[in-house]
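Novice: Quick one, structure for this:
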Amino acid sequence: MRPRMLKNSLKPEEITELLESRKVGHLATLGEDGPYAVPINYILMDGKVYLHGRKAGGQKLDNIRANPRICFEVFNEVSYKTGPTACGTGTLYQSAIGRGTAKILPDGDPLIGAALLKFAEKFATHIKDPVIDPAKLAITAVIELTIDRWTGKYNQ
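Specialist: From the prediction side, this is the model:
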């Protein structure tokens, strides 16, 4: 990760901590109709972000197929504080924004199974020894985000 240093910047390790602690991020893609952003569950694995969805797709996958450039955002709202701002209050938060490219993993890629098992570990903690159903696997797309540049900020 190569963060750009701004006022109140998160350090690279703080960006990683934020990514590992959250479950939902926002993926922005670009299509014929302009920008498209969608909230999505994700995992972090070996420095890359992974998402999944139906292979049949929709706007998200159509946009990635047409233009792999993406933006991915994660936000942790901590609380609010009063203070000398235009509206008399401010948000205490941490956020990270990554810019990079998305790739839909091809059928048979071993990263698909690894990513889906990691999804199960993160989101289905009540299931011991999860097994990926081959019928569900056949209709599932796994998207790998390679982030070229991260920026992170906080307000405390």
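
Novice: residue ranges for the helices of this structure, please.
Specialist: Listed in chain order, the helices of the chain (DSSP state H) span 12-21, 59-66, 110-123, 134-138.

Novice: quick one: low-confidence ranges for this structure?
Specialist: For the chain, applying pLDDT under 70 flags the ranges 1-6, 79-89.

Novice: Repeat the analysis, applying 80 as the threshold.
Specialist: 1-7, 57, 77-91, 156 (pLDDT under 80).

Novice: Pull up the gap between the nearest residue to residue 92 once chain neighbours are set aside and residue 144, please.
Specialist: The spatially closest residue to residue 92, leaving aside those adjacent along the chain, is residue 78, at 4.1 Å (C-beta to C-beta, 6 or more residues apart in numbering). Placement of C-beta: from N, CA and C, glycine included. Residue 78 sits 30 Å away from residue 144, going by C-beta to C-beta, to the nearest Å.

Novice: out of these two, which sits in the busier spot?
Specialist: Remark: of residue 78 and residue 144, residue 144 carries more neighbours, 20 against 12, as counted by other C-beta atoms under 10 Å.

Novice: Apart from its chain neighbours, what residue comes closest to that one?
Specialist: Nearest non-adjacent residue to residue 144, counting by C-beta to C-beta, 6+ apart: residue 103, 5.0 Å away.
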